[in-house]
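1. sequence and predicted structure, then a few things I'm wondering about:
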Amino acid sequence: MATEAAHDEGSSLVFHPMDQFMVKPLFGDGPVHWYTITNVTFWMAITVLGVLALLVLTTSKRATVPSRGQSMAELSYGFIYKMIEDVTGKDGLKYFPYVMTLFMFIVFSNMLGLLPLSFTTTSHIAVTAVLALLVFGFVTILGFVKHGTHFLGLFWVTAAPLPLRPVLAVIELISYFVRPVSHSIRLAGNMMAGHAVIKVFAGFAAIAAVSPVSVIAITAMYGLEVMVAFIQAYVFTILTCVYLKDALHPAH
Amino acid sequence: MATETHTAEGQGLADATGIAGDHAGASAAGMPQLDLSHFPNQIFWLLVTLVVIYLVLSRIALPRIGAVLAERAGTITNDIAAAEDLKQKAVEAEDAYNKALADARAEANRIVAETKASIQADLDEAIAKADAEIAAKAAESEKAIADIRAGALESVQIVAKDTAAAIVSALGFEPKAEQIDGAVDSRVKG
């Protein structure tokens, strides 16, 4: 789409909707090794600082009557704590720190990605795939450690008639292995699409005639993206809880 | 840039990933997300970030927030218990007050009744005494009146006899005492 638009309008209108996703070294212009400090490093560091500011700095007073910041920290804590308790039950609370880590990382990355000129780490499939595979691997290992071969009962639907069970087992097995794929692509796709669309609208703003429409569209999209940023973090986390529940209670 | 982008896009994803190792400019043509040469970098820094966040959360933030919430819940529970206690005490105090009030009222009633009784006794005694005195006085007076009446009757007879004697003598007869007495007596009685 970018190239088509560029050809139609000539050199006056240039779209680079994907440039914002480029991984670049933060210092100099050398190759990107695995250890190179890049804009990924920079924005992930800001994410860490944001999480620290919200959850550590605000709670340093341990006030019984909380300040605004501490209230927000407590709300985040209660939000995820309740989510795990509701979805997995009491025995899932042992894994609260892992789930909280995922949620805080994703929600901060998504929100920070909405800052102009920022880099959205969660728009990269490399990042979300690792997050999803961590969840997938953790949940699968946990299931086998907790229940041994009984964990395979997850795929053997005893509620269904016997002839149907092998068929359902295949479907269940496929859906189980598709989980990390959908889990990661959902988050990265949502993040990437919204940011790219905003960039495309921003490109149109260069034409005087449509620039008001473009600016309004950017504003509307931005509002939508703020919502999406939070909802996708929420969705990722609640799906993690659902998978965790399957590992803890594999019976259908 | 535009033409370069155009050609790169035609070759699609395989090309973008294929030449990704060379330099970032070519991969910018497709999706930077699919540039495999940047994966190790992102994954490495992601893992570092996750480990840092996890350590901070599990060692500092979450226990602290959990402790604050537990402490608050404890404080609230204690406060509610204390309030319940105070309420109980208030109810007890009110009961004691009501009981004291009732006692005082009963005591007051008893004193009033006692006083009334003693006053009544005094009054009865005084009335009886006064009645007795009145009766005595009345009897005395009756006697005096009877005496006076008797005296008066006697005087009337004497006066009548004297008057009769005077009248008889005025008429030129010798008054005879026996006849006059008899006549007066029979008239007075008459």
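-> Sure, I can see it.
2. report the contact partners of residue A:126.
-> Contact analysis of residue A:126 by Cβ atoms under 8 Å, 6 or more residues apart in numbering or on different chains lists B:33, B:38, B:39, B:42, B:43, B:46. C-beta coordinates here come from the backbone N, C-alpha and C atoms, glycine included.
3. give me the nearest residue to the third one, chain neighbours excluded.
-> What sits nearest to residue B:39 in space, not counting adjacent residues and going by Cβ to Cβ, 6 or more residues apart in numbering or on different chains, is residue A:126, at 4.4 Å.
4. tell me how far the one you found lies from residue B:36.
-> From residue A:126 across to residue B:36, the span is 8 Å (Cβ to Cβ, to the nearest Å).
5. any idea how far residue B:184 is from residue B:152?
-> When distance is defined by Cβ to Cβ, residue B:184 is 15 Å away from residue B:152.
6. of the two, who's got more company?
-> Counted by other Cβ atoms under 10 Å in any protein chain shown, residue B:184 and residue B:152 do not tie: residue B:184 has more neighbours, with 20 against 10.
7. buried set for the host helix or strand of that one?
-> In this assignment (DSSP states H and E), residue B:184 forms part of helix B:177-189. Residues B:180, B:184 are the ones in helix B:177-189 that count as buried (16 or more other Cβ atoms under 10 Å in any protein chain shown).
8. residues contacting that helix, please?
-> Helix B:177-189 is contacted from outside by B:153, B:156, B:157, B:160, B:161, B:164, B:165, B:168, using Cβ under 8 Å, 6+ apart.
9. what does stretch A:163-181 give?
-> Contacts for stretch A:163-181 (Cβ under 8 Å, 6+ apart): A:129, A:132-133, A:135-136, A:154-158, A:160, A:239, A:243.
10. for stretch B:49-57, same thing?
-> Contact with stretch B:49-57 is made by A:44-45, A:47-48, A:51-52, A:55-56, A:97-98, A:100-102, A:104-105, A:134, as judged by Cβ under 8 Å, 6+ apart.
11. of all those residues, which two lie farthest apart?
-> A:56 and A:134 (23.0 Å; Cβ to Cβ).
12. related to what we said a few turns ago, so how do I select the buried members of the contacts of stretch B:49-57 in PyMOL?
-> Selection of buried members from the contacts of stretch B:49-57 for PyMOL, criterion 16+ other Cβ under 10 Å:
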select buried, chain A and resi 44+45+47+48+51+52+55+56+97+98+100+101+102+104+105+134
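13. show me which of the contacts of stretch B:49-57 neighbour chain B.
-> Subset of the contacts of stretch B:49-57 in contact with chain B: A:44-45, A:47-48, A:51-52, A:55-56, A:97-98, A:100-102, A:104-105, A:134, counting by Cβ under 8 Å from any Cβ of the partner chain.
14. could you list every helix and strand in contact with the lengthiest helix in chain B?
-> Using DSSP state H, we find that the single longest helix of chain B is helix B:62-170. Judged by 3 or more Cβ pairs under 8 Å, 6 or more residues apart in numbering or on different chains; DSSP states H and E, helix B:62-170 is in contact with helix A:68-88, helix A:96-113, helix B:177-189.
15. I appreciate the help and will end here.
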